[in-house]
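In: sequence plus the predicted model coming up.
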Amino acid sequence: MMWLWLLVLLGLYFLYRWYRDRQILQNLPDKYVLITGCDSGFGNLLARQLDRKGMRVLAACLTQRGAEQLKEATSQRLQTLILDVTDSQNVAAAADWVKQQVGDRGLWGLVNNAGIAIPMAPYEWLTKADYQKIMDVNLMGPVNVTLSLLPLLRRTKGRIVNVASSLGRLSCMAGAYCMSKYGVEAFSDGLRRDPGSLGVKVSILEPGQFRTCITAFQPIEENLHVLWSHLPAEIKDTYGQNFFDAYCKYMQDMMSGANPNLSLVTDCMEHALTAVHPRTRYSPGWDAKLFYIPVSYLPTVLADYLLTPTLPKLTRV
Ligand SMILES: *[C@@H]1O[C@H](CO)[C@@H](O)[C@H](O)[C@H]1NC(C)=O
Ligand SMILES: *[C@@H]1O[C@H](CO)[C@@H](O)[C@H](O)[C@H]1NC(C)=O
């Protein structure tokens, strides 16, 4: 009998959540959204998707070519700009441009999507500069862009959508990528609780593995070969050729499971920008929902067991 009541309660809860999730804002065509990293992947798809919904998309691309291609594929409403989030003068100029575009209406949405993952390799194969490069793009870039645009976002009591990763909850061996995504999580949670952003809603995306340039194996492999060939002989001897080959194979297997359906992710981004009640966290992808996020709640000793790859032992110490 008690089970029945529990089931009814659970059913009601899901019904309530479903109803709450479905409430979408009315005046989307008045709303400006700036998205970074629109050359490819999630940013590119989201720009097209929001453009089709009639929103006013300001699509920031790293390359001229990316911007031109996106412009050809979208309506007159969509505007592109060139933005390298690590170049602070570029960020300041972009913020001024956005201010001119939106005028008194303010900016409704900011999607901090631009990110990189290479070099992805065992920690010892990398230099501090390798770590710095990823931190600059994935973490300090969004911080700088967000601070520059916060006054415009506060005016609309709008939305900030930060693309972290399931690997922002779990750190596996992969260079600075996880470190930068942990940082994005901390920045987002802190910002949501910060007096300066009150009224602005901050959502965090924690996608599993999706088929974007982040998970494309070929550039990762090319980079691994370059790193390996430049390692000091001593480190190379310590790991051994067997290890290197096995590591490449391991990365290839990891990336081969990436989900090709990017709209699972962009649908969450769209929800965060257009729903009356956006969620704080979205974890699109079955690998995120069934593996990464649950494992992130396990005791460390179990998580270590599940996340430590099986690779050949170092050939000498
Ligand atoms: C962005 O970064 C640059 C360089 O660190 C800095 O000069 C600028 O003030 C930053 N913008 C904001 C809004 O903090
Ligand atoms: C991709 O995901 C969307 C949901 O966001 C779904 O409607 C669509 O059918 C999926 N496409 C494929 C090919 O599975």
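Out: Alright, I've got the coordinates. Ligands and ions are numbered 1, 2, ... in the order given.
In: in the protein, which helix is the longest?
Out: helix 233-256 (DSSP state H).
In: give me the number of residues near the residue in the chain that ligand 1 sits nearest to?
Out: Minimum separation of the chain from ligand 1 (C-beta to the nearest ligand atom) falls at S88, amounting to 3.1 Å. (Glycine included, C-beta is placed from N, CA and C.) Neighbours of S88 under the rule other C-beta atoms under 10 Å: 13.
In: from ligand 2, how far off is it?
Out: Here S88 is placed at a distance of 36 Å from ligand 2 (C-beta to the nearest ligand atom, to the nearest Å).
In: now swap in Q69 and tell me
Out: Q69 is 22 Å from ligand 2, by C-beta to the nearest ligand atom.
In: for the nearest residue to Q252 once chain neighbours are set aside, give me its contacts.
Out: Excluding its sequence neighbours, the residue lying closest to Q252 (C-beta to C-beta, 6 or more residues apart in numbering) is F217, at 5.2 Å. Applying C-beta atoms under 8 Å, 6 or more residues apart in numbering, we find F217 in contact with M251, Q252, M255, S256.
In: got a list of what D136 touches?
Out: T86.
In: mean confidence for stretch 217-230?
Out: When pLDDT is averaged over stretch 217-230, the result is 93.
In: ok, the closest residue to ligand 2 within the chain - contacts?
Out: Across the chain, the shortest distance to ligand 2 (C-beta to the nearest ligand atom) belongs to N261, at 3.7 Å. N261 makes contact with F210, according to C-beta under 8 Å, 6+ apart.
In: quick one: it and A73, what's the gap?
Out: To A73, N261 is 19 Å away according to C-beta to C-beta, to the nearest Å.
In: now the residue lying closest to Q79 once chain neighbours are set aside: which helix or strand?
Out: Distance criterion C-beta to C-beta, 6+ apart; nearest residue to Q79, sequence neighbours excluded, is L58 at 5.5 Å. Using DSSP states H and E, L58 falls within strand 56-61.
In: same question, M269
Out: Using DSSP H and E, M269 falls in helix 263-274.
In: was I right about L170 contacting D304?
Out: No: in this structure, L170 is not within contact of D304 by C-beta atoms under 8 Å, at 10.5 Å.
In: those two - which one has more neighbours?
Out: L170 (20 against 10).
In: how about the contacts made by the closest residue in space to the more buried one that isn't next to it in sequence?
Out: Leaving out its chain neighbours, the residue that sits closest to L170 by C-beta to C-beta, 6+ apart is S296, at 5.0 Å. By C-beta under 8 Å, 6+ apart, the residues touching S296 are S166, R169, L170, A303.
In: rebuild these as JSON lines, extending it with distance to I82.
Out: What follows is those, written out as JSON lines (distance: C-beta to C-beta, whole Å):
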{"residue": "S166", "distance to I82": "30"}
{"residue": "R169", "distance to I82": "33"}
{"residue": "L170", "distance to I82": "34"}
{"residue": "A303", "distance to I82": "41"}
